[in-house]
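Chemist: how does the following fold in three dimensions:
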Amino acid sequence: MKMNLSFSARSHIGRVRINNEDNLYCDGAAMTPENRDAPFALSGGADTPCIFAVCDGMGGEADGEFASLTAVAALAEHAEAIESAASAEADEIHTAVRKFVTDANGRLCDAMRAKPGRMGTTLALAVVTDEAVYAYNLGDSRIYVLKEGRVCRLSEDHTLAAQKVEMGLLTEEEARTSRWGHSLTRHLGLFEDEMIVVPAAAEPLPIGGGCRLLLCSDGLTDMVRDARIEEILRSGPAAEDAAERLLAEALRNGGRDNVTCVVVDVTPVPARAAAQ
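Modeler: Okay, here's the model as predicted:
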């Protein structure tokens, strides 16, 4: 069944930070050095297959900005290969995404070899086809899906706090305020002798009658609890409304970090329209 995509993205520097180290990718569009520190809004429609991503840079000021910008620039160069693979088997999509991740990680490592200091970025990436959503992530930027009335998370947090939750040493509530909450165990910007960077891949999600996706940085999830995120995703009649409400909620609750969210509505195209 042919699917129609409508999306809306928001990115904001927040109430505390002096620059925006986040970036995003929506069907070929990304933030640039000229527009990233001003409130950023983007809405549109797209055909399948299509790629969406959120990156949260680390390293402080220019380094964090450079890291997330480097990741989305690499993604733009690999987009055609990933979208071409999306018309084939799932294994080919995984291979194309891993090639992108390896390339982006290599670019950041080369930059760090040329310039002292560390930098990196998280990655939350969704490839949407007519049949399924393929979700990948590194770090603590997240991907949620609203489907058939239920909201669930497709990504996994790569933090020391998440590891401690898995081991039974912390509860989910304790992890929210833990000092390990932002200690990343996996991200782009790791040398080969530290870790071979491989993104976590969720099981392909069959689309069926459609769904709503949310990709976001931790500037949203630190400020807005999952229950409230679910409420907003359920209540927003359009992607633009949901994205605006999510951003407003994060800022209202303190906006202690950069906030970036991308909401994607995936809806079936009526059979007659698809035929035309």
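Chemist: backbone dihedrals for T48, both of them.
Modeler: Reported as degrees, to the nearest 10, the phi and psi values for T48 are phi -90, psi 150.
Chemist: what sits against it?
Modeler: With contact taken as CB atoms under 8 Å, 6 or more residues apart in numbering, T48 is in contact with K2, M3, L5, A86, V128, T129, D130. For every residue, glycine as well, the C-beta is placed using N, CA and C.
Chemist: hmm, try it at 6 Å
Modeler: By CB atoms under 6 Å, 6 or more residues apart in numbering, the contact list for T48 reads M3, V128, T129, D130.
Chemist: could you check how far the second one is from T95?
Modeler: For V128, the distance to T95 under the criterion CB to CB, to the nearest Å works out to 18 Å.
Chemist: more neighbours: the two, which one.
Modeler: The residue with more neighbours, out of V128 and T95, is V128; 27 against 15, by other CB atoms under 10 Å.
Chemist: any idea how far the more buried one is from A9?
Modeler: V128 is 14 Å from A9, where distance means CB to CB.
Chemist: now S183. Nearest residue, chain neighbours left out?
Modeler: Leaving aside its chain neighbours, S183 sits nearest to L160 (4.2 Å; criterion: CB to CB, 6 or more residues apart in numbering).
Chemist: my error: substitute L214 in the last question.
Modeler: In space, and not counting its chain neighbours, L214 is closest to Y144: 4.3 Å by CB to CB, 6+ apart.
Chemist: got a list of what the one you found touches?
Modeler: V151, R153, L214.
Chemist: tell me the pLDDT of it.
Modeler: Looking at Y144, its pLDDT reads 98.
Chemist: three-state assignment of L215?
Modeler: strand (DSSP: H, G, I helix; E, B strand; the rest coil).
Chemist: cool, the one 4 residues further on as well?
Modeler: Secondary structure state of G219, per three-state DSSP, is helix.
Chemist: how many residues are close by it?
Modeler: For G219, the count of nearby residues is 29 (other CB under 10 Å).
Chemist: got a pLDDT number for it?
Modeler: Confidence score, pLDDT, at G219: 96.
Chemist: I figured it hits D257, correct?
Modeler: Yes: counting by CB atoms under 6 Å, D257 is a contact partner of G219 at 3.7 Å.
Chemist: ok, I232 to I13 distance?
Modeler: Distance from I232 to I13, by CB to CB: 21 Å.
Chemist: top of the contacts of Y144 by neighbour count?
Modeler: Going by other CB under 10 Å, L214 tops the contacts of Y144 with 30 neighbours.
Chemist: which residues of the stretch 101-250 of the chain fall in helices?
Modeler: For the stretch 101-250 of the chain, the helices defined by DSSP state H, counting those that start in this stretch cover 160-166, 172-177, 218-221, 226-235, 239-252.
Chemist: mean pLDDT lowest for which of those?
Modeler: helix 172-177 (a mean of 74).
Chemist: buried residues in it?
Modeler: By 16 or more other CB atoms under 10 Å, the buried positions in helix 172-177 come out as A175.
Chemist: and L170, what is it in contact with?
Modeler: The contact partners of L170, by CB under 6 Å, 6+ apart, come to K164.
Chemist: tell me what the residue nearest to L214 is bridged to.
Modeler: For Y144, the beta-bridge partners under DSSP bridges are R153, L214.
Chemist: where are the low-confidence patches of the stretch 51-200 of the chain?
Modeler: Within the stretch 51-200 of the chain, the ranges that satisfy pLDDT under 70 run 61, 180-181.
Chemist: just the endpoints, please. Distance across stretch 183-191?
Modeler: 17 Å (CA to CA, to the nearest Å).
Chemist: which residues does it contact?
Modeler: Stretch 183-191 is contacted by residues 71, 104-105, 108-109, 119-123, 138-139, 158-160, 197 when judged by CB under 6 Å, 6+ apart.
Chemist: kindly report the same for stretch 131-138.
Modeler: 93, 97, 122-127, 143, 154-155, 186-188, 199-202, 204-207.
Chemist: same question for stretch 12-22.
Modeler: 11, 36-37, 39, 56-57, 61, 64-65, 217, 247, 255-260.
Chemist: for that stretch, C-alpha coordinates in CSV please.
Modeler: This file holds the C-alpha atoms of stretch 12-22, laid out as CSV (Å, rounded to 0.1, in the frame of the first residue of the first chain):
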residue,chain,number,x,y,z
HIS,A,12,15.4,25.6,19.7
ILE,A,13,18.5,26.8,21.6
GLY,A,14,16.5,26.4,24.9
ARG,A,15,16.5,28.7,27.9
VAL,A,16,20.0,28.1,29.2
ARG,A,17,22.5,27.2,26.4
ILE,A,18,24.3,29.9,24.3
ASN,A,19,24.3,27.9,21.1
ASN,A,20,22.4,25.0,19.5
GLU,A,21,24.5,21.9,19.1
ASP,A,22,21.5,19.9,17.7
